[in-house]
Every structure is written in C-alpha cells, then in structure tokens.
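Student: my questions concern the predicted model and sequence given below.
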Amino acid sequence: MKRTRAVELVEAMLHRLDGPQEWPLHLVRQVWLFGSFARGATEPHDVDVAVRFERDERMKQAVVQAIFSGGNPYAPLRRALAGSSRGLQFQFEDAAREQLEAEGTLMVPLWQRGDTLAQALGALHAITEDPEAGRAERHDMIDAFEGLDRHIPRQIRAELIGWEQQEAITISRIALCDVPDDTDLLATPDMRWAFRRWNDESPLRRAALAGLVLMKELAVDLDDVELAGQRLPTPRRCAGHRSEPRWWINWKWQGYRSIPYCVTSGDGWLEVVQPTRRRPLNALVFRPGPKAAAFRS
C-alpha cells in the first residue's frame with residue numbers, strides 16, 4: 001500500500017485509542033510500530049503493530065472461549081483498534097514482541113497510556129520516509145513457508161529446517177480442499193460424535209474435515225490417523241482394532257516437537273497453518289526423510 005494510506009490507518013487507530021475507553025480499548029497499555037513501515041518504506045506491504053495490554057477477567061474468558069471454538073482470542077481487541085480496516089497486522093503476544101526485540105528488530109514507541117493524541121501523532125509523523133527501506137530480511141525461511149511465516153514462529157521455523165537439513169523429514173506445502181457436501185466422513189454416529197468437540201462454524205472443525213479429505217485422497221486408512229490428539233472412532237477401531245498412528249493432523253503447532261519422532265516412525269504429519277472460517281486453508285506436510293531411520297536410532 002502507499003505510505004500515505006498506511007499513515008492514515010495508524011492515525012485512525014490513535015484516534016480510537018484517544019476516544020471513549022470502552023472494553024477492550026481500556027486494556028491497552030503500550031503500542032509500538034515495527035517492520036518496513038517503521039523503517040520508512042514508501043510502499044509497505046502492511047503496518048506491523050505490537051500491543052501490550054492487560055488481561056482482565058473478561059479477556060481471560062474470551063481466550064478460553066476462543067480455544068474451544070477455534071476463534072481468535074484477540075479479535076475483539078483487533079476490531080477495537082483497527083475497526084473493519086485491513087492493512088494493520090497486530091502482534092499481541094508479549095513473548096513474541098520480546099523475541100523480536102532480542103533479535104534486534106527496530107521497535108518504534110508510538111503510544112503509551114497517558115500520552116495525548118498530539119504526542120502520539122507526533123511520534124508517528126517523526127518517522128521519516130526512506131526510499132531505500134525495503135522488507136526486512138527474514139530468517140529461517142524456505143519456499144514452503146513463504147506467505148505463511150507470520151503464523152510460524154521463528155523458533156519453530158528454525159527447528160523444522162534443522163530436521164529437514166538432517167534429512168529426518170521432508171517439508172512440502174499444500175492447499176487444502178473443503179469437505180464436499182456429499183461426504184461420508186461423518187456417516188456414522190461415532191464419527192459425528194467425535195466432531196462435536198467443535199461447533200459447526202469453528203475453523204478447527206473446517207480444518208479437521210479438510211485434513212481428513214486429504215487423507216482420503218492419499219488413500220490413508222483413517223484407522224491410523226490421530227486428529228488433534230485423538231484417534232478417530234472408525235468402525236474398525238470401535239470393533240476393537242488397535243494400531244499405532246501413522247498420520248497426525250494438527251494446528252497451532254501443538255506438540256510440534258514430536259514431528260520428527262512421529263514422522264520417522266509413521267508416514268506423515270499434516271499441520272494446518274492458521275485455520276480460518278472462510279479464507280483458503282494452507283497446510284505443511286512433513287514426511288520421512290532419507291535418513292529417518294538413522295534419526296530414530
């Protein structure tokens with residue numbers, strides 16, 4: 001986007017922070033800018049904003065609800081700061097912000113509780129435009145991570161690349177297809193019951209079904225699939241069949257450190273990156289590498 005548009009988005013956010021302090025805006029304590037916009041880029045891809053905020057009881061409940069529904073716990077805060085505008089990318093996790101600072105990322109203080117609107121706008125307009133400022137160098141990147149890296153913490157990217165370099169695993173990327181209307185995946189009462197842990201509109205339910213669609217395309221026996229930490233109640237398993245999982249389907253990097261151990265003793269791990277209700281679903285596929293057997297030994 002043009003820098004003038006980016007400035008307008010940040011100005012609008014500052015006006016909201018200076019306005020009526022309803023929930024959850026009153027929780028915000030400090031705001032920084034980072035990324036290409038903060039370095040003065042003339043056409044930043046977006047504006048990276050780091051936010052420190054207090055977690056009151058209502059916010060804690062929102063986080064718990066989001067965990068069970070698969071939603072974004074910070075969605076209310078994002079809406080309060082950005083409205084319906086796109087172009088602002090928020091970092092709400094303190095640990096992630098501190099990691100960026102430790103890596104030497106330029107963090108420009110923009111606003112903190114007690115600042116006037118004039119002070120905050122002054123800090124914004126003091127950032128000088130720099131035609132030479134491009135996108136920051138991204139570390140621990142491979143082609144499969146392109147466009148998904150903001151949803152894969154750098155530490156995780158580094159570990160995945162390390163396992164790939166050891167040839168314990170291979171990494172590829174795939175676009176997932178939604179479950180068709182005439183699917184038989186939920187044909188049995190047991191399978192329908194298993195999916196009751198997510199509501200019908202949950203992005204996690206959508207991710208789970210899309211993952212199973214891929215398993216069927218790959219001719220994977222669903223008896224051997226572990227979905228988000230649980231085995232599927234397939235007819236054979238309900239009849240007493242027991243086997244170790246061969247495929248794992250997960251998201252939000254739960255248990256990711258198990259990837260090389262699971263993959264090298266099975267067939268693969270499907271990681272749905274940033275499940276969403278309506279946007280395209282992307283996933284990373286981890287399979288055994290040439291030296292998988294050596295990794296296990």
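Tutor: Great, that's in hand.

Student: run through this protein and note the low-pLDDT ranges.
Tutor: Where the chain drops to pLDDT under 70, the residues are 67-71, 134-138, 297.

Student: got a list of contacts for the strand or helix carrying residue 4?
Tutor: Using DSSP states H and E, residue 4 maps to helix 3-18. Under the criterion C-beta atoms under 8 Å, 6 or more residues apart in numbering, residues 25, 28, 31, 33, 37, 41-44, 46-47, 49, 80-83, 85, 87-88, 110-111, 116-117, 120-121, 124-125, 129 lie in contact with helix 3-18. In short, each C-beta sits where N, CA and C put it, glycine included.

Student: chain center to that helix: distance?
Tutor: Averaging C-alpha positions (C-alpha atoms, centre = their mean, to the nearest Å) puts helix 3-18 25 Å from its chain's average.

Student: excluding chain neighbours, what is closest to residue 172?
Tutor: residue 285 (4.8 Å; C-beta to C-beta, 6 or more residues apart in numbering).

Student: re the thing from before, buried subset of the contacts of helix 3-18?
Tutor: Among the contacts of helix 3-18, those buried by neighbour count (16 or more other C-beta atoms under 10 Å) are 25, 28, 31, 33, 37, 41-42, 44, 46-47, 49, 80-82, 87-88, 110-111, 120-121, 124.

Student: okay, strands next: where are they in the stretch 1-150 of the chain?
Tutor: According to DSSP state E, counting those that start in this stretch, the stretch 1-150 of the chain carries its strands in the segments 28-34, 47-53, 88-91, 108-112.

Student: beta partners of residue 250?
Tutor: Beta bridges link residue 250 to residue 271 when assigned by DSSP bridges.

Student: surely residue 225 touches residue 214?
Tutor: No. Residue 225 is not in contact with residue 214 according to C-beta atoms under 8 Å; the separation is 10.4 Å.

Student: make sure residue 287 is indeed in a helix.
Tutor: No. Assessed with DSSP: H, G, I helix; E, B strand; the rest coil, residue 287 is strand; it does not lie in a helix.

Student: for it, grab the count of nearby residues.
Tutor: Neighbour count for residue 287, taken as other C-beta atoms under 10 Å: 17.

Student: ok, residue 7 next?
Tutor: 17.

Student: how about the nearest residue to residue 266, chain neighbours excluded?
Tutor: Ranked by C-beta to C-beta, 6+ apart and with sequence neighbours excluded, the top spatial neighbour of residue 266 is residue 246, at 4.3 Å.

Student: wait, the one you found sits on residue 267?
Tutor: Yes. In terms of C-beta under 8 Å, residue 246 counts as a neighbour of residue 267; the distance is 4.5 Å.

Student: who touches both of those two?
Tutor: Shared contacts of residue 246 and residue 267, counting by C-beta under 8 Å, 6+ apart, come down to 220, 224.

Student: show me the strands in the stretch 151-297 of the chain, by range?
Tutor: Assigned by DSSP E, counting those that start in this stretch, the strands in the stretch 151-297 of the chain fall at 169-176, 225-227, 230-231, 247-251, 268-273, 281-288.
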